[in-house]
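A.B. asks: Compute the structure for the input listed below.
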Amino acid sequence: MKPSRPCPVRPSPARPAATLLGLAALLALAGCAGLAPREPLKLTILHTNDHHGRFWPNADGEYGLAARKTLVERVRAEVAAAGGHTLLLDGGDINTGVPESDLQDAEPDVKGMNLLGYDASAVGNHEFDKPPAVLAKQRQWAKFPLLSANIYRDGARMFEPYRVFERGGHRIAVIGLTTDDTQKMVLPDNIRGIEFRKPIDEVARVLPEVRDQADMVIAVTHMGHYPDGQRGVNAPGDVEMARAVRGLDLVVGGHSQNPVCMRAENQRNEAYVPGQPCAPDRQNGTWIVQAHEWGKYVGRADFVIDAGKVELVKYQLMPVNLVKKQADGSKLPYTEAIAPDAGVRAFLQPFQANGEARLNVPVGSSDGVLDGDRARVRAQPTTLGVLVARAMMDRTGADLALVNSGGVRDSLPAGAISYRDVLKVQPFGNTVAVVQMPGAELLAYLQAAAAMTPGSGAFPQTAGVQMRIVGGQLSEARIAGEPIDPRRLYRMALTNFTATGGDGYPRITGHPGYVDSGFVDADVLRAYIARRSPLKVADYEPGEMVTRR
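C.D. replies: Okay, the predicted model is just below:
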């Protein structure tokens, strides 16, 4: 049953003047004419996204739910003292990224978010990284709604499509949306019977119903922010949605894991520095915000709702104890230190201790950092990409190996390497598979890999093969220094995720030469490091292994 709507009714872009006059007359007959006009509403939207298991601060004391709690409560108190109200929203991907969280099914993260008083979260693609039973458990833990209007199971919506919140006599509708790329980003067994419909189509269906109930409409999304809609191989994101569907006041986004701070129209400031002013994007009358990742920031958008108008007064990204490395190796905070909330920290401490006990097991060592930085590993061959692929070749005896860069989640440190470090690199629990195919088929597969957009999670990291790529087309490919023979059989190692069509790769699980080894990728990498330590970074330099022009 829809909640009743407060009077007076807010004008809508889709509601013509004649209809408004008629509606006003009906409301007068119903007794609304005698009500005094509502006071303007000061509403502050606080937002985060792409938490990815970071319930605890890192070694430098950055982010973490306890410090985030302190910052959120400080803003809530300030806003309340000025007669305003708040909503706390998240753009999804609570799961996956830190082994202490992964090994505990994100229980500390979901329950920690309860303690912070989140009002709602979008459903992210990483909410499907584990079997359905885990997601069901997380939904029971959460005291806030997980929202998505475009995820269907057996023909019915799997989650609440939206939730309407009342603040100061006004109603704010929050619609959830999830990237339809999810179906190619997770294991098929985890989403069997689940359909990810196009978010733009679904929000267009829901918006008229929601507009009739609300003074402000927010979409909390996990779709990505792609400046000027330049999305490459990714599904349409927030910019494309705002351009296609008019009537959203604000999009609180996630998925692309960027601070959405615009340098100029349709130009994001890719060199944003914590603490600097931040101008959100605006498309077709809709504001679009995103707060980077991991709780590094809490976004703050201050609005005033008055006489049917929604006005953004101020926007900022508030860093959560982020530090800057100095030339001498020291680290200084960008902004003032935020003390962790004692109660939240005490609640999370047992989870952290349990995770550490399971993870602080030595594996091996390296004479330098093996590079898995997100920006670099998705744009160019890196030492860690080569290491991961070689470990797969070594375990399976394959001629070459390929791994999607979205499956490489962190760097390996110089010095001692622990099991924790390995799981931070490969947290998904994928298995290593092998496919044997003729060279002609292999060349076609490598052409599909060559066409993957640099910067996307589909970008390939490889070993055992030398490729020359010109204009996104495979110009030449060699194995062991020899051109690939179209008639010869070759063995290629890859993860079951990629083999099932993950990240848009050709699906090859039905190939007669396909075998899933059952070996978990992180265990394969751990065993390789243990046998080869101490690792020498120079041995894994990509060199001219892949050239692009």
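
A.B. asks: Then residue 218 would be within a helix, right?
C.D. replies: No: applying DSSP: H, G, I helix; E, B strand; the rest coil, one finds residue 218 to be strand, outside a helix.

A.B. asks: so what's it up against?
C.D. replies: 45, 87, 89, 172, 173, 174, 175, 248, 249, 250, 251, 252 (CB atoms under 8 Å, 6 or more residues apart in numbering). From N, CA and C alone the C-beta is placed, and that goes for glycine too.

A.B. asks: For these, work out which two are farthest apart.
C.D. replies: Among these, the pair separated by the greatest distance (CB to CB) is 87 and 248, at 15.2 Å.

A.B. asks: who's more crowded, these two?
C.D. replies: Per other CB atoms under 10 Å, whichever of residue 87 and residue 248 has more neighbours is residue 248, with 26 against 21.

A.B. asks: In this structure the more buried one contacts residue 286, no?
C.D. replies: Yes: judged on CB atoms under 8 Å, residue 248 makes contact with residue 286 at a distance of 4.6 Å.

A.B. asks: Find the residues that touch each one of those two.
C.D. replies: Common neighbours of residue 248 and residue 286 (CB under 8 Å, 6+ apart) are residue 242.

A.B. asks: circling back to that earlier point, adding secondary structure as columns, could you present the contacts of residue 218 in CSV?
C.D. replies: Below are the contacts of residue 218 laid out as CSV (three-state DSSP):
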residue, secondary structure
45, strand
87, strand
89, strand
172, strand
173, strand
174, strand
175, strand
248, coil
249, coil
250, strand
251, strand
252, strand
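
A.B. asks: so can I have JSON lines of those residues showing pLDDT?
C.D. replies: Supplementary listing: these in JSON lines, determined by pLDDT from 0 to 100:
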{"residue": "45", "pLDDT": "98"}
{"residue": "87", "pLDDT": "98"}
{"residue": "89", "pLDDT": "98"}
{"residue": "172", "pLDDT": "98"}
{"residue": "173", "pLDDT": "98"}
{"residue": "174", "pLDDT": "98"}
{"residue": "175", "pLDDT": "98"}
{"residue": "248", "pLDDT": "97"}
{"residue": "249", "pLDDT": "98"}
{"residue": "250", "pLDDT": "98"}
{"residue": "251", "pLDDT": "98"}
{"residue": "252", "pLDDT": "98"}
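
A.B. asks: Need these in JSON lines (columns: distance to residue 56).
C.D. replies: Shown next, in JSON lines, are those (distance: CB to CB, whole Å):
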{"residue": "45", "distance to residue 56": "26"}
{"residue": "87", "distance to residue 56": "26"}
{"residue": "89", "distance to residue 56": "22"}
{"residue": "172", "distance to residue 56": "32"}
{"residue": "173", "distance to residue 56": "34"}
{"residue": "174", "distance to residue 56": "28"}
{"residue": "175", "distance to residue 56": "31"}
{"residue": "248", "distance to residue 56": "35"}
{"residue": "249", "distance to residue 56": "35"}
{"residue": "250", "distance to residue 56": "30"}
{"residue": "251", "distance to residue 56": "29"}
{"residue": "252", "distance to residue 56": "24"}
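
A.B. asks: and which of the residues you listed is nearest to residue 156?
C.D. replies: residue 175 (17.2 Å).

A.B. asks: hey, what's that closest one bridged with?
C.D. replies: Going by DSSP bridges, residue 175 is paired in beta bridges with residue 162, residue 219.

A.B. asks: what's the burial count for it?
C.D. replies: For residue 175, the neighbour count with other CB under 10 Å is 28.

A.B. asks: May I have the residues that are in contact with residue 196?
C.D. replies: Contacts for residue 196 (CB under 8 Å, 6+ apart) come out as 150, 151, 152, 178, 179, 180, 181, 182, 183.

A.B. asks: same deal with residue 384?
C.D. replies: Residue 384 neighbours (CB under 8 Å, 6+ apart): 370, 371, 372, 377, 408, 411, 412, 425, 461, 540.

A.B. asks: Inside strands: which ones of the residues you listed?
C.D. replies: residue 461 (DSSP state E).

A.B. asks: Now, the contacts of residue 384 that are in helices?
C.D. replies: If you go by DSSP state H, the contacts of residue 384 have 377, 425 in helices.

A.B. asks: Dump the contacts of residue 384 into a markdown table; add distance to residue 355 and neighbour count as well.
C.D. replies: Supplementary listing: the contacts of residue 384 in a markdown table, determined by distance: CB to CB, whole Å; neighbours: other CB atoms under 10 Å:
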| residue | distance to residue 355 | neighbour count |
| --- | --- | --- |
| 370 | 23 | 24 |
| 371 | 25 | 22 |
| 372 | 20 | 23 |
| 377 | 25 | 26 |
| 408 | 21 | 25 |
| 411 | 20 | 20 |
| 412 | 19 | 28 |
| 425 | 16 | 23 |
| 461 | 27 | 27 |
| 540 | 28 | 23 |
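
A.B. asks: Okay, buried residues for stretch 52-71 please.
C.D. replies: The neighbour-count check on stretch 52-71 (16 or more other CB atoms under 10 Å) flags 52-57, 61-71 as buried.

A.B. asks: Can you tell me what sits against that stretch?
C.D. replies: With contact meaning CB under 8 Å, 6+ apart, stretch 52-71 is reached by 48, 93-98, 100-102, 106, 108-109, 112-113, 115-116, 126, 293-296, 298, 318, 320-323, 331, 338-342, 344-345, 348, 351-352.

A.B. asks: same deal with stretch 99-116?
C.D. replies: Contacts for stretch 99-116 (CB under 8 Å, 6+ apart): 51, 53-56, 65, 68-69, 72, 88, 90, 94-96, 121, 130, 134, 137-138, 141-144, 343-344, 347-348, 351-352, 354-356, 358-359, 419-420, 423-424, 427.

A.B. asks: which other helices and strands contact the helix or strand harbouring residue 523?
C.D. replies: Element membership of residue 523 [criterion: DSSP states H and E] is helix 521-532. Counting contacts by 3 or more CB pairs under 8 Å, 6 or more residues apart in numbering; DSSP states H and E, helix 521-532 is packed against strand 362-366, helix 383-396, helix 419-425, strand 431-438.

A.B. asks: any idea which of these is most buried?
C.D. replies: Most buried of these by mean neighbour count (mean count of other CB atoms under 10 Å) is helix 383-396; its value is a mean of 24.

A.B. asks: Show the average pLDDT along that one.
C.D. replies: Confidence for helix 383-396, expressed as mean pLDDT, is 95.

A.B. asks: Show me what the very next helix or strand once past it is packed up against.
C.D. replies: Toward the C-terminus, helix 383-396 is succeeded by strand 400-404 as the next helix or strand (DSSP H and E). Applying 3+ CB pairs under 8 Å, 6+ apart, we find strand 400-404 packed against helix 383-396, strand 460-463, strand 489-495, helix 496-499.

A.B. asks: List the buried residues for the third one?
C.D. replies: Within strand 489-495, the residues that count as buried by 16+ other CB under 10 Å are 490, 491, 492, 493, 494, 495.

A.B. asks: Same list, the helices and strands packed on helix 521-532, but as CSV with distance to residue 77 please.
C.D. replies: CSV is the format used below for the helices and strands packed on helix 521-532 (distance: least, CB to CB, whole Å):
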stretch, distance to residue 77
strand 362-366, 46
helix 383-396, 44
helix 419-425, 36
strand 431-438, 49
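
A.B. asks: Between those, which one is closest to residue 453.
C.D. replies: helix 383-396 (16.2 Å).

A.B. asks: Can you name the residues that contact the closest residue in space to residue 196 that isn't next to it in sequence?
C.D. replies: Of all residues not flanking residue 196 in the chain, residue 180 sits nearest, at 4.4 Å (CB to CB, 6 or more residues apart in numbering). Applying CB under 8 Å, 6+ apart, we find residue 180 in contact with 150, 196, 197, 198, 199, 235.

A.B. asks: Now, of those, which are buried?
C.D. replies: Neighbour-count burial (16+ other CB under 10 Å) is assigned, among those, to 150, 196, 197, 199, 235.
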